[in-house]
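Undergrad: Structure here, sequence nowhere to be found:
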């Protein structure tokens, strides 16, 4: 058995399909803004149609299928994340704010100490 990974080489046909899919997404977004005087349902329909055609076109290419599979895996991994509760998030935020405050005071104190040492003690310059 070989441990070497196999890479697929995308054909020019796949590259054209990916470029067309990108053009479909752009067309959907442009259509959304171009139809600004139309009802929201028509505008959203143009956007969704552009995205749907792009996904269908991507699904027919090797590169697009790999990207869509990657996106599905990313969504699946996101669902596995354990999000903190509201209480935990509030506590962590409070700790971060306290640390920032302590760090700001420390840096201010260090700055004033160095200012005093350099300007008053060493250089003898009074403000």
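TA: Arrived safely. Computed from a predicted model, the values in this text were never measured in an experiment. Numbering: from 1, shown residues only.
Undergrad: roughly how far is stretch 69-79 from the heart of the chain?
TA: If you compare the mean C-alpha spot of stretch 69-79 with that of the full chain, they lie 15 Å apart, counting by C-alpha atoms, centre = their mean, to the nearest Å.
Undergrad: can you give me the helices in the chain?
TA: Counting by DSSP state H, one finds helices in the chain at the ranges 12-34, 40-59, 62-80, 86-115.
Undergrad: number of nearby residues for residue 44?
TA: By the criterion of other C-beta atoms under 10 Å, residue 44 has 12 neighbours. For the C-beta atoms, the positions are set from N, CA and C on the backbone; glycine is no exception.
Undergrad: separation between it and residue 28?
TA: The span separating residue 44 from residue 28 equals 10 Å under the rule C-beta to C-beta, to the nearest Å.
Undergrad: Then residue 11?
TA: Using C-beta to C-beta, one gets 26 Å for the distance from residue 11 to residue 28.
Undergrad: Looking at those two, which one has more neighbours?
TA: More crowded of residue 11 and residue 28, by other C-beta under 10 Å: residue 28, with 19 against 12.
Undergrad: what's near enough to touch that one?
TA: Residue 28 sits next to 46-51, 53-54 when contact means C-beta atoms under 8 Å, 6 or more residues apart in numbering.
Undergrad: rewinding a little: distance to residue 124 and mean pLDDT for the helices of the chain - can I get that in CSV?
TA: What follows is the helices of the chain, written out as CSV (distance: least, C-beta to C-beta, whole Å; pLDDT from 0 to 100):
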stretch, distance to residue 124, mean pLDDT
helix 12-34, 65, 89
helix 40-59, 69, 90
helix 62-80, 62, 89
helix 86-115, 14, 97
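Undergrad: Mind putting these into JSON lines with distance to residue 122?
TA: What follows is the helices of the chain, written out as JSON lines (distance: least, C-beta to C-beta, whole Å):
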{"stretch": "helix 12-34", "distance to residue 122": "62"}
{"stretch": "helix 40-59", "distance to residue 122": "66"}
{"stretch": "helix 62-80", "distance to residue 122": "56"}
{"stretch": "helix 86-115", "distance to residue 122": "10"}
